[in-house]
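**Student:** A structural model of the following input is requested.
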Amino acid sequence: DVGAPGSYYEYNDVRVNALAYALLCRFGRPLPEVLRERIMDPIGASGDWRWEGYSTSWVEIDGTRMQSVTGGGHWGGGLFIGADDHAKFGQFISQNGRWGDEQILPQDWMQQSLTPTPTLDNYGFLWWLNRGQDANPALPATAFSAQGAGGHTIWIAPEQEIVAVMRWLAPPQAPKFLELLMAALSGPARS
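**Tutor:** From the prediction side, this is the model:
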């Protein structure tokens, strides 16, 4: 027994896959099409990225067979995206869901997304926050990240206007890399 709903947290892909399926039902069309049309095309992403579900994730919605995409990037499914597009998406998020003159995400979406969940003080709506007992004091308190399989990470420090994309960096090495990045940006120490 893990307690009442909403009182316990354990990281797993089931919750993200359930969210993707709920959104698929809500939109009634493949989520990769929705993502491309509503976000990736407006921010100028390439046509090279793709979002795939598992081979067993085909469902029928309103008489149309479509694939329910996954949140995790393993077992053959997930978001396959290049570093340039990853960086564009990170920049879009760092600009509060705005690109150019267009507010694509609701104005308050990122504020809600970066609000800690009741059961984990360093996690929001799919974003890891630099706060709580796991906070890194060498990094900005307002920094946050999206972390994926294989050490793929989008790290955003909004007050410093930094978007860093890390690819195939072993997750235990990420904090040291980010500390070195912040040290390099602050320049040489002055006496």
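
**Student:** residue contacts, the closest residue to residue 94 other than its chain neighbours?
**Tutor:** Ranked by CB to CB, 6 or more residues apart in numbering and with sequence neighbours excluded, the top spatial neighbour of residue 94 is residue 156, at 4.8 Å. Using the backbone N, CA and C atoms, a C-beta is placed for each residue, glycine as well. Residue 156 makes contact with 90, 93-94, 143-145, 162-164, according to CB atoms under 8 Å, 6 or more residues apart in numbering.

**Student:** longest helix anywhere in this protein?
**Tutor:** Counting by DSSP state H, the longest helix found in the chain is helix 13-27.

**Student:** hmm, who's touching that one?
**Tutor:** Residues contacting helix 13-27 (CB under 8 Å, 6+ apart): 30-31, 34, 59, 61, 66, 68-72, 126.

**Student:** which helix or strand contains the residue positioned nearest the centre of the chain?
**Tutor:** Nearest to the mean C-alpha position of the chain, by CA atoms, centre = their mean, lies residue 146 at 3.7 Å. Element membership for residue 146 (DSSP states H and E) is strand 144-147.

**Student:** list the neighbouring strands of that strand plus their orientation.
**Tutor:** strand 128-129 (antiparallel), strand 153-157 (antiparallel) (DSSP bridges).

**Student:** ok, residue 66 - how many residues close by?
**Tutor:** 19 (other CB atoms under 10 Å).

**Student:** for residue 20, same thing?
**Tutor:** Number of residues near residue 20 (other CB under 10 Å) recorded here: 20.

**Student:** distance of it relative to residue 148?
**Tutor:** 14 Å (CB to CB, to the nearest Å).

**Student:** ditto for residue 29
**Tutor:** According to CB to CB, residue 29 stands 24 Å off from residue 148.

**Student:** neighbour count for those two, which is higher?
**Tutor:** residue 148 (19 against 14).

**Student:** quick check on that one: phi, psi?
**Tutor:** phi -130, psi 180 (degrees, to the nearest 10).

**Student:** pLDDT at it, what is it?
**Tutor:** Residue 148 is assigned a predicted lDDT (pLDDT) of 86.

**Student:** before we move on, back to that, after the longest helix of the chain, next one along is what?
**Tutor:** helix 31-35.

**Student:** distance to residue 7 and pLDDT for the contacts of residue 156 - can I get that in JSON lines?
**Tutor:** Formatted as JSON lines, the contacts of residue 156 follow (distance: CB to CB, whole Å; pLDDT from 0 to 100):
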{"residue": "90", "distance to residue 7": "32", "pLDDT": "98"}
{"residue": "93", "distance to residue 7": "29", "pLDDT": "98"}
{"residue": "94", "distance to residue 7": "33", "pLDDT": "97"}
{"residue": "143", "distance to residue 7": "28", "pLDDT": "98"}
{"residue": "144", "distance to residue 7": "24", "pLDDT": "98"}
{"residue": "145", "distance to residue 7": "25", "pLDDT": "97"}
{"residue": "162", "distance to residue 7": "35", "pLDDT": "97"}
{"residue": "163", "distance to residue 7": "34", "pLDDT": "98"}
{"residue": "164", "distance to residue 7": "34", "pLDDT": "97"}
